[in-house]
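> coords please:
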Amino acid sequence: VTVSKIQVGLLAQARTIQTQLSDYTLNADTETPEGLAQLLQESALALLRTPENWTHVSASSKTVRSREEAEGIFNQFSIEERSKFSAETLTNVKGKVRQTQNHSTSDNEPGSYIVVTLLIGTENDRPLFGDVYSSNDLKQALERIAATPPEYLSTFELLWTPQSETESLTYDELLTEYTNLMQIA
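Presented below is the predicted three-dimensional model:
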């Protein structure tokens, strides 16, 4: 069993990706392996279509011996990432969609970044990808992720922040909340 996490920091010019990810999430059938695989593929493709906006990346893919160990790692990743959000305005878990309005005050400095996180659990005996430091590495990793067949996909969680296309993260927020992100070479 393999647990993979890939995060991509994007320039805020890629704001349409927030709307696309919302649409994919709202329309995904997360109760079936095929629906989950389609959400994964569409999410990876959305990222692949905006390479000019990629600024930062963090990626890890680790194979473990048991489902229990994989589930523990996956849940830890999920909680770590979700705790960084000031609000979750859209979720689709096992076909149950929850959408709320975000009542944020935007008197801060204007933001510049969006972070998209893909958490993936697969029935693989090897990591999905190796180290990711460059745009080319990221492209190859996202292509590999997009090609994951439904029968190998155990679980998938798509996270992005901010979720509203009227908001973005400041550089300071990016550095503070996402200390593991490295600038793409």
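
> what about residue 78, distance to residue 158?
As defined by CB to CB, to the nearest Å, residue 78 lies at a distance of 11 Å from residue 158. To be clear about C-beta, it is placed using only N, CA and C from the backbone, and glycine gets the same treatment.

> okay, and the common contacts of the two?
residue 119 (CB atoms under 8 Å, 6 or more residues apart in numbering).

> those two - which one has more neighbours?
The neighbour comparison of residue 78 against residue 158 (other CB atoms under 10 Å) goes to residue 158, with 24 against 16.

> in a helix, that's where that one is, yeah?
No. Looking at residue 158 with DSSP: H, G, I helix; E, B strand; the rest coil, it is strand, so not inside a helix.

> what's near enough to touch the nearest residue to residue 114 once chain neighbours are set aside?
Once flanking residues are discounted, residue 114 sits nearest to residue 10: 4.7 Å by CB to CB, 6 or more residues apart in numbering. By CB under 8 Å, 6+ apart, residue 10 lies in contact with 17, 47, 50, 53, 54, 55, 113, 114, 115, 116.

> next one: residue 56
7, 8, 9, 113, 115, 174, 178, 181, 182, 183, 184.

> try it again at 7 Å.
Going by CB atoms under 7 Å, 6 or more residues apart in numbering, residue 56 touches 9, 181, 182, 183, 184.
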